[in-house]
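Visitor: build me a model from this:
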Amino acid sequence: MKKKILQRGLFGFPLGISLGYAITIIISLSTGLDTFSPCVPSLTQSMGNENYAVLLQAILSGLLGSTFAMSSLIWEIESWGIAKQTGIYFAITSLAMMPIAYLANWMEHSVTGFLVYFGIFVVIFIVIWVIQYIIWQIKIKRLNDKIKS
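Guide: Reported below is the predicted structural model:
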């Protein structure tokens with residue numbers, strides 16, 4: 001199990017960086033400006049220059065990717081029910097996401113900013129969870145239909 005956790009974490013780090021970079025591209029394209037914004041301006045200001053800001057954001061995105069990848073092993077613990085798996089997965093990922101989002105200046109540094117960002121995280125989590133649940137229900141139904149026939 002430790003080996004699997006390490007493997008997932010090592011795989012998740014570059015995946016997190018890649019997804020973080022892809023998000024910056026999408027955001028830059030959607031602003032309608034002719035410039036690329038590799039990170040939020042407030043992070044650049046707090047870090048002193050854009051290079052350090054981008055480096056910090058890459059490390060934080062990698063850590064976030066590792067966390068999501070490692071915690072995905074929770075879904076493979078068959079002795080746990082779906083409620084326990086979901087609760088523990090949500091706790092781990094939100095405990096990683098919120099401080100990383102704060103450090104990367106992805107959220108406003110206020111109680112309101114935290115609550116808004118957390119609310120968005122919860123909504124996205126629920127949408128993805130429901131989609132995954134429906135996909136697995138369809139796969140299970142297909143397997144059961146094959147077994148019956």
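Visitor: check which helices and strands the helix or strand encompassing Ile126 is in contact with.
Guide: Using DSSP states H and E, Ile126 falls within helix 111-148. Secondary-structure packing of helix 111-148 (3 or more C-beta pairs under 8 Å, 6 or more residues apart in numbering; DSSP states H and E): helix 82-103. C-betas here are computed from N, CA, C, even on glycine.
Visitor: give me the angle between the helix it packs on and helix 111-148.
Guide: Interaxial angle, helix 82-103 versus helix 111-148 (axes from the mean of the first three to the mean of the last three C-alpha atoms, to 10 degrees): 140 degrees.
Visitor: distance from helix 82-103 to the middle of the chain?
Guide: Helix 82-103 has its average C-alpha position 9 Å from the chain's average C-alpha position, going by C-alpha atoms, centre = their mean, to the nearest Å.
Visitor: same check on stretch 105-122?
Guide: Put simply, stretch 105-122 sits 15 Å off its chain's centre (C-alpha atoms, centre = their mean).
Visitor: and the contacts of that stretch?
Guide: With contacts defined as C-beta atoms under 8 Å, 6 or more residues apart in numbering, stretch 105-122 is touched by Cys39, Val40, Ser42, Leu43, Ser46, Ser94, Met97, Met98, Ile100, Ala101, Tyr102.
Visitor: let's see if you can find the most crowded of the residues you listed.
Guide: Highest neighbour count within the contacts of stretch 105-122, by other C-beta atoms under 10 Å: Cys39, with 22 neighbours.
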